[in-house]
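[1] Provided below for reference: sequence and predicted model.
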2 protein chains.
Amino acid sequence: MPVITLDDVRAAAATLDGVANRTPVMTSRTLDERVGARVHLKAESFQRGGAFKFRGAYNKISSLAPDVRARGVIAYSSGNHAQAVAIAARLHGTSATIVMPEDAPRAKVEATLGYGAEIVRYDRFTEKREEIGARLAAERGLELVRPYDDPLVMAGQGTTALELLEEVPDVDVLVVPLGGGGLIAGCATAATALRPGIRIVGVEPDAGDDTARSLAAGERVAIDVPRTIADGLQASEPGELTFEVNRLLVDEVVTVSDEEIIEAMAFLFDRLKLVTEPSGAVGVAALLTGATRPRGTAGVVISGGNVGAARFAELLGRR
Amino acid sequence: MPVITLDDVRAAAATLDGVANRTPVMTSRTLDERVGARVHLKAESFQRGGAFKFRGAYNKISSLAPDVRARGVIAYSSGNHAQAVAIAARLHGTSATIVMPEDAPRAKVEATLGYGAEIVRYDRFTEKREEIGARLAAERGLELVRPYDDPLVMAGQGTTALELLEEVPDVDVLVVPLGGGGLIAGCATAATALRPGIRIVGVEPDAGDDTARSLAAGERVAIDVPRTIADGLQASEPGELTFEVNRLLVDEVVTVSDEEIIEAMAFLFDRLKLVTEPSGAVGVAALLTGATRPRGTAGVVISGGNVGAARFAELLGRR
């Protein structure tokens, strides 16, 4: 039995209807010419909280029994999942506690605080967020909202592809950023069910190729915490449930370097006037470098835009 | 008899239907809280060519007799009008010659060349683009597409407000960047006809307050070519026709500094994930500084997003 099905994604879409933003699909003649395909970008930078993460978090919190939900939720996250959980918790009238690394981008920390969450910091290179999250959840009676390894979270993220395929039904290749694997698992579930034969391509940062390695090995492989500017894709091991989905549905995983990500961010800024965080630009980076070469109609998920103007300026200064 | 009427703007909208992008209207809870009004941003950064200018240029070129149009068009512009004329000319299968200052932003020069136009450069501080444009037009038999002082151009720009008011009919205050005055003249014509009593606010850069001075003097006043980062608002004198409209329909003109513009660009990037060029951000700058304090529902035109990632990073570095 599959971990999630198209029906789960459709149920999530019903839950999210009128709450999540139906984000725009953007195109660019210049990009099409560069890539040699018709490219449709699903701009989750315009999602609530600035990234796709709201979809999964809201779907999960909606599913909690009222008395469980009322005690509050907890999450560990490098940022976007944190903001998403904070927003979704507030919409449900409950509290959110966020376990966040000490080196998380300032813009994300401030945004999370701005959404009314309590933040608990930890050292990403010496402590395990899973352990801190589990301990706090037990101590305080909080419900853990996992960033990806939860069927309800995965189904929520899959609504991204559902919307894209409703708007562009003839997508031949779907290119998706790949960190813990929740976004691509949900998207692949929806897309392969709606359009059998569609090709699913995941994109990881060079330093964070845990899923590429895991697929090659046929089992989950752990790597060191990757050092990359793509802070949303720093998973060191695929999720248990996400890998179960992705090893069946993902056709190919390619990687891009930090420099290539910065070039893609600049391209998206200059040509499409899109603000993308490093993790959000990896799909376009993979197209621009030729790491993957789609034919026909390509869909690309721009997963988020939470970069901050100062950080963007700093990253661009590296070119 | 007015220079243009709502019917002219509606006719322009019909001409532009299916050719110009119907740009999105964006909102932000954070912005609303900061300003104390419900703010709706009309994002012309997503217009063809990256700015509202396409509307007027296409409307004008569409109106030319086929034999006139076939000889080619000419325009003088600091950039966005140039790109707009180049795109519109290409769509009509004719050629475009652009007279452009030597210090025009590189991104705009390259984009204009990319759209297939021929560029003639001049020194903005010693030569008059109007004279160069007129001479080339006469020598080569080209039709001049003025950047603002033309009823068909003004009517085209007015479709920006027409679309905004169709989507948000209860706008109480409309805030519009003000350079030569074509955008605000068209928008004010449409908006005051559709919603009598609406307040029209123009925003100029501190250094380029020619219209503010002209309105105070009751006649067109010329100033030195303003030195400001808002390169789209460097008019040194209001247009003859635009001033005739604006002195009747514009309620207030306020100014913002370059520093305030940069703050607004950062705010729009961080909170709305919008890429805006300096000229495009002046409306939001005026709201954030309190230069104008709208009540109720405000509409703000984000006039363009052609800034270039490198230039954006450089401007942000000044903070």
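    That came in fine, so what should we check first? Numbering: from 1, shown residues only, chains lettered A, B, ... in the order given.
[2] What ranges does the stretch 51-200 of chain A have for its strands?
    With strands called from DSSP state E, counting those that start in this stretch, the stretch 51-200 of chain A shows them at A:73-76, A:96-101, A:118-122, A:143-144, A:173-177, A:199-205.
[3] now the angle from the third one to strand A:96-101?
    It refers to strand A:118-122. Here the directions of strand A:118-122 and strand A:96-101 differ by 20 degrees (axes from the mean of the first three to the mean of the last three Cα atoms, to 10 degrees).
[4] residues of the least confident helix or strand in chain A by mean pLDDT that come out buried?
    Using mean pLDDT, DSSP states H and E, helix A:106-114 stands out as the lowest-scoring helix or strand of chain A, at a mean of 83. The neighbour-count check on helix A:106-114 (16 or more other Cβ atoms under 10 Å in any protein chain shown) flags A:A107, A:K108, A:V109, A:A111, A:T112 as buried. Just so you know, the C-beta spots here come from the backbone N, C-alpha and C atoms, and that holds for glycine as well.
[5] mind checking how far the third one is from A:R121?
    Note on A:V109: its distance to A:R121, by Cβ to Cβ, to the nearest Å, is 9 Å.
[6] Mind listing the shared neighbours of these two?
    Common contacts of A:V109 and A:R121 (Cβ atoms under 8 Å, 6 or more residues apart in numbering or on different chains): A:M100.
[7] Does A:G186 touch A:G158 like I think?
    Yes - using Cβ atoms under 8 Å, A:G186 makes contact with A:G158 at a distance of 2.7 Å.
[8] Show me the common contact partners of the two, please.
    A:I4, A:V9.
[9] Residues of the stretch 1-150 of chain A that sit close to chain B?
    Residues of the stretch 1-150 of chain A lying near chain B by Cβ under 8 Å from any Cβ of the partner chain: A:P24, A:T30, A:S45, A:F46, A:G50, A:A107, A:G114.
[10] The same query, at a cut-off of 10 Å, please.
    The stretch 1-150 of chain A comes close to chain B at residues A:24, A:26, A:29-30, A:43, A:45-48, A:50, A:107, A:110-111, A:114, as judged by Cβ under 10 Å from any Cβ of the partner chain.
[11] can you tell me how far whichever residue of the stretch 51-200 of chain A sits closest to chain B sits from A:G305?
    Nearest residue of the stretch 51-200 of chain A to chain B: A:A107, at 6.5 Å (Cβ to the nearest Cβ). According to Cβ to Cβ, A:A107 stands 11 Å off from A:G305.
[12] Could you tell me which residues touch both of these two?
    The contact sets of A:A107 and A:G305 overlap at A:G50, A:E277, A:F312, B:D270 (Cβ atoms under 10 Å, 6 or more residues apart in numbering or on different chains).
[13] Now do the helices in chain A.
    Assigned by DSSP state H, chain A shows helices spanning A:6-16, A:29-35, A:53-63, A:66-70, A:80-91, A:106-114, A:129-140, A:151-167, A:182-194, A:210-217, A:240-249, A:258-272, A:282-289, A:309-316.
[14] mind checking which of these is nearest A:R295?
    Nearest of the helices of chain A to A:R295, taken as Cβ to Cβ: helix A:29-35 at 9.9 Å.
[15] which other helices and strands contact the closest one?
    Helix A:29-35 is packed against strand A:38-43, helix A:258-272, helix A:282-289, strand A:297-302, with contacts defined by 3 or more Cβ pairs under 10 Å, 6 or more residues apart in numbering or on different chains; DSSP states H and E.
[16] Serialize the ones you listed to CSV and add fields for mean neighbour count and mean pLDDT.
    What follows is those, written out as CSV (neighbours: other Cβ atoms under 10 Å in any protein chain shown; pLDDT from 0 to 100):
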stretch, mean neighbour count, mean pLDDT
strand A:38-43, 24, 98
helix A:258-272, 22, 97
helix A:282-289, 28, 98
strand A:297-302, 27, 98
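[17] Distance to B:E237 added to those, as JSON lines?
    What follows is the helices and strands packed on helix A:29-35, written out as JSON lines (distance: least, Cβ to Cβ, whole Å):
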{"stretch": "strand A:38-43", "distance to B:E237": "40"}
{"stretch": "helix A:258-272", "distance to B:E237": "32"}
{"stretch": "helix A:282-289", "distance to B:E237": "43"}
{"stretch": "strand A:297-302", "distance to B:E237": "43"}
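[18] nearest to B:V225, of the ones you listed?
    Short answer: helix A:258-272, nearest of those by Cβ to Cβ, at 26.9 Å.
[19] Can you show me the CA trace of that closest one as CSV?
    This file holds the C-alpha atoms of helix A:258-272, laid out as CSV (Å, rounded to 0.1, in the frame of the first residue of the first chain):
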residue,chain,number,x,y,z
ASP,A,258,26.1,27.0,-4.8
GLU,A,259,27.5,29.1,-7.6
GLU,A,260,25.0,27.7,-10.0
ILE,A,261,22.2,28.4,-7.5
ILE,A,262,23.3,32.0,-7.3
GLU,A,263,23.3,32.3,-11.1
ALA,A,264,19.8,30.9,-11.2
MET,A,265,18.7,33.4,-8.4
ALA,A,266,20.0,36.3,-10.5
PHE,A,267,18.4,35.0,-13.7
LEU,A,268,15.0,34.6,-11.9
PHE,A,269,15.4,38.1,-10.5
ASP,A,270,16.5,39.8,-13.7
ARG,A,271,14.2,38.0,-16.2
LEU,A,272,11.1,36.9,-14.2
